[in-house]
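J.: below is the sequence, then the predicted model.
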Amino acid sequence: MTVNYRMSAPNEKQRLFFLDTHKYVGYGGARGGGKSWAIRRKLALLCLRYAGIKCGIYRRTYPELRNNHVVPLLRELVGVADYNESKKIFLFPNGSTLQLCYADNQNKLNQTFQGQEYDVLAIDEATQIPEEWFSIIRATVRGVNPFPKRMYITCNPGGVGHTWVKRLFIDRKFSDRENPDDYSFIQALPTDNKALMESDPDYVGKLEALPPKLRRAWLEGSWDIFDGQFFEEFTDAPEHYGDRLYTHVIEPFEIPASWEIYRSFDWGYSKPFSCDWWAVDGDGRAYLILQMYGCGGSADEGVKWSSDKVFSEIARVEREHRWLVGKSIRGVADSAIWASDGGEAIVESAERHGVYFEKSDKTRIAGWMQMHYRLAFDETGRPMMYFFNTCRHAIRTLPLLEYSKTVPEDLDTTGEDHFADSARYFCMMRPIRAAAKAEEYGRRADPLDQFKETGGKIYSYHGSIRRY
């Protein structure tokens, strides 16, 4: 049976999306890019092209699913496919199906996808779901038939899934089990959406009127900033404001012998631990110089270390690394490592290896404020906290953390907050005043000459380092 399915012409980005045949296709990156329309049309076309294919669209909540897909598809597929309201499925005359589904919690997700098989499945607004949910959903894309096996993923910066979506589609950092050739990403901006520009010509102007960082996310599709970002001061790339150059991430340099060294530590039982070494200059400015991070071993590999192995490695680093050897290192850690629960406390394992800690001040709001104070730039364009660019997990996780939805001024603890907790413990050891000005700390005239601005680049004096 031949069905005439007429559709308006896609814009250039949507055309690229329709033609993309990668196994995992990411699409979007900004508000108003025409994402929902694109996946509805793509899956409907697949249903018409392949008789008997099974397609699906997932959205986290039913109101979103209904408003963005059910209602539009009922209008778009009149005379093309029949809709079964109770099963939320469109049935095409050629035997193809388009299932619409939602799940807003883990149990509902398991029930929705248990035993299901799809040839092609789309996740609309994938940054709304954690990576574990993505793994459950994509396991249903399978089947022994000649149909293509694909997933289409639309996304905007922000949300609980920001980290994994950014890793796969923006940064393209893959594990050994992931094939880079399977993934592609098509950036769609509001200006690419001609239909939106014609129907709402003031839309871009509304986005341009937003605060700078939010404008970068919603209008420009920046994945380095998003609404609700907890440490919105943090920037990992040099930015010019007038004649000032702002950044928190710098190249390593040799640490003067006179600088104090601190070690902060957040232990993870089934989650990553973070051990962080800080150098503090004569002005009280802190530099994250080394980091050991892992879920007992490696956060990337997921191999679990015993506490003995963790502290043995920390002790080895402090015996061997030229910035640390022979130094009096003051350590601070989450007070939870002193808990014994009838067995050996974690801190006892540390002390066996000569690694000593003080109990941290765990006051959360005050601790976060101390981090905000240190990340703030003074009138010369310098913060009170810098990060060596070799400390990749600190740089990766800090900008992804979001505000709590229930506790104002606190951090959402469902994010990857292990380094942030470790840094907070350190900051509470050396609290500073808000709105720091250079003269308040008796700042010397940049004794290491670290930050000469030449041709828009940052130069710093440093030697080679051993990376941990």
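T.: Alright, I've got the coordinates. Numbers count the residues shown, from 1 in each chain.
J.: helix, strand or coil for T191?
T.: helix (DSSP: H, G, I helix; E, B strand; the rest coil).
J.: got the confidence number for it?
T.: Note on T191: pLDDT of 74.
J.: F90 versus that one, what's the distance?
T.: Look at T191 and F90: by CB to CB, to the nearest Å, they are 32 Å apart. For glycine as for every other residue, the C-beta is placed from the backbone atoms N, C-alpha and C.
J.: compare those two (neighbour count), which wins?
T.: A count of neighbours by other CB atoms under 10 Å puts F90 above the other of T191 and F90, at 24 against 17.
J.: confirm that one sits in a strand?
T.: Yes - if the criterion is three-state DSSP, then F90 is within a strand.
J.: tell me the secondary structure at the residue nearest the centre of the chain.
T.: By CA atoms, centre = their mean, the chain has its centre lying nearest to T163, at 2.5 Å. Secondary structure assignment for T163 (three-state DSSP): helix.
J.: spatially, what comes nearest to it if we skip its sequence neighbours?
T.: In space, and not counting its chain neighbours, T163 is closest to L400: 5.1 Å by CB to CB, 6 or more residues apart in numbering.
J.: how many neighbouring residues does that neighbour have?
T.: For L400, the neighbour count with other CB under 10 Å is 23.
J.: against V347, how distant is it?
T.: With CB to CB as the criterion, L400 and V347 are 29 Å apart.
J.: go on, D119?
T.: D119 is 53 Å from V347, by CB to CB.
J.: send me the helix or strand containing I314 as CSV with only the CA atoms.
T.: Assigned by DSSP states H and E, I314 belongs to helix 307-320. Only the C-alpha atoms of helix 307-320 are listed here, as CSV (Å, rounded to 0.1, in the frame of the first residue of the first chain):
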residue,chain,number,x,y,z
SER,A,307,42.0,1.4,50.8
ASP,A,308,45.5,0.0,51.4
LYS,A,309,46.3,0.3,47.7
VAL,A,310,45.0,3.9,47.5
PHE,A,311,47.0,5.1,50.4
SER,A,312,50.1,3.1,49.4
GLU,A,313,50.0,4.9,46.1
ILE,A,314,49.5,8.3,47.8
ALA,A,315,52.5,7.6,50.0
ARG,A,316,54.5,6.6,46.9
VAL,A,317,53.6,9.9,45.1
GLU,A,318,54.7,11.9,48.1
ARG,A,319,58.0,10.0,48.4
GLU,A,320,58.9,10.4,44.7
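J.: which other residues reach it?
T.: 263, 267, 273, 275, 290, 292, 296-297, 305, 324-325, 327, 329, 346, 349-350, 352-355, 468 (CB atoms under 8 Å, 6 or more residues apart in numbering).
J.: the residue nearest to T163 and F134: what is the separation?
T.: The value you get for L400 to F134, if CB to CB is used, is 16 Å.
J.: over to F426?
T.: For F426, the distance to F134 (CB to CB) stands at 33 Å.
J.: equivalent analysis for E251, please.
T.: E251 is 35 Å from F134, where distance means CB to CB.
J.: the more surrounded of those two?
T.: Higher neighbour count among E251 and F134: F134, with 19 against 14, using other CB under 10 Å.
J.: give me phi/psi at that one?
T.: When read as degrees, to the nearest 10, the backbone of F134 gives phi -60, psi -40.
J.: isn't the residue nearest to the centre of the chain up against E131?
T.: Yes - with contact defined as CB atoms under 8 Å, T163 counts as touching E131 (7.4 Å).
J.: any stretches of the stretch 251-400 of the chain with poor pLDDT?
T.: For the stretch 251-400 of the chain, the stretches with pLDDT under 70 are 269-270, 295-305, 342.
J.: which stretches in it count as strands?
T.: Using DSSP state E, counting those that start in this stretch, the strands of the stretch 251-400 of the chain run over residues 260-266, 273-280, 286-294, 329-333, 358-359, 385-388.
J.: mind putting these into CSV with mean neighbour count and distance to S312?
T.: Formatted as CSV, these follow (neighbours: other CB atoms under 10 Å; distance: least, CB to CB, whole Å):
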stretch, mean neighbour count, distance to S312
strand 260-266, 23, 14
strand 273-280, 25, 12
strand 286-294, 22, 12
strand 329-333, 21, 15
strand 358-359, 13, 21
strand 385-388, 24, 24
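J.: the ones you listed: which one's closest to L48?
T.: Comparison of these against L48 by CB to CB identifies strand 286-294 as nearest, at 48.8 Å.
J.: mind listing what the closest one pairs with, with the direction of each?
T.: Sheet pairing of strand 286-294 (DSSP bridges) gives strand 273-280 (antiparallel), strand 385-388 (parallel).
J.: between it and helix 307-320, how many degrees?
T.: Per axes from the mean of the first three to the mean of the last three CA atoms, to 10 degrees, the angle that strand 286-294 makes with helix 307-320 is 140 degrees.
J.: can you offset everything so residue one is 48?
T.: Okay, using 48 as the starting number, the last item reads as strand 333-341.
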